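1. this is the structure alone, sequence omitted:
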């Protein structure tokens, strides 16, 4: 027997955000630095002391910026 593929209704397949894009992660504004495996990206952000650091997060955790940056 062949298995039938399930079709998602009303959902679009998520794609990786473009490299260099500014996005929101929790309460921070971050820059997408690189694509990682397993639907994850490496983001770059600045902490309270002004130091730049990188971390890996899932695509689903990122949201697009609105019309205004600040």
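-> Yep, that arrived. Since the model is a prediction, treat every value here as computed from it, not as a measurement.
2. list the residues that contact the closest residue to residue 65 other than its chain neighbours.
-> Leaving aside its sequence neighbours, residue 65 sits nearest to residue 22 (C-beta to C-beta, 6 or more residues apart in numbering; 5.6 Å). Where C-beta positions appear, they are placed from N, C-alpha and C, glycine not excepted. By C-beta atoms under 8 Å, 6 or more residues apart in numbering, the residues touching residue 22 are 29, 30, 31, 65, 69.
3. list only buried entries from the residues you listed.
-> Listed as buried from the contacts of residue 22 are 30, 31; burial here means 16 or more other C-beta atoms under 10 Å.
4. now the contacts of residue 22 in JSON lines, with pLDDT?
-> Listed next are these as JSON lines, based on pLDDT from 0 to 100:
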{"residue": "29", "pLDDT": "89"}
{"residue": "30", "pLDDT": "93"}
{"residue": "31", "pLDDT": "94"}
{"residue": "65", "pLDDT": "84"}
{"residue": "69", "pLDDT": "58"}
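5. so residue 31 touches residue 41, yeah?
-> No. Between residue 31 and residue 41 there is no contact under C-beta atoms under 8 Å: 10.2 Å.
6. which parts of this structure are helices?
-> Taking DSSP state H to define them, one finds no helices in the chain.
7. low-confidence stretches in it?
-> 1-14, 68-70 (pLDDT under 70).
8. flag every buried residue along stretch 61-70.
-> Neighbour-count burial for stretch 61-70 [16+ other C-beta under 10 Å]: residue 62.
9. what's the answer for stretch 24-44, then?
-> 25, 30, 31, 32, 33, 40, 41, 42, 43.
10. okay then, goodbye and thanks.
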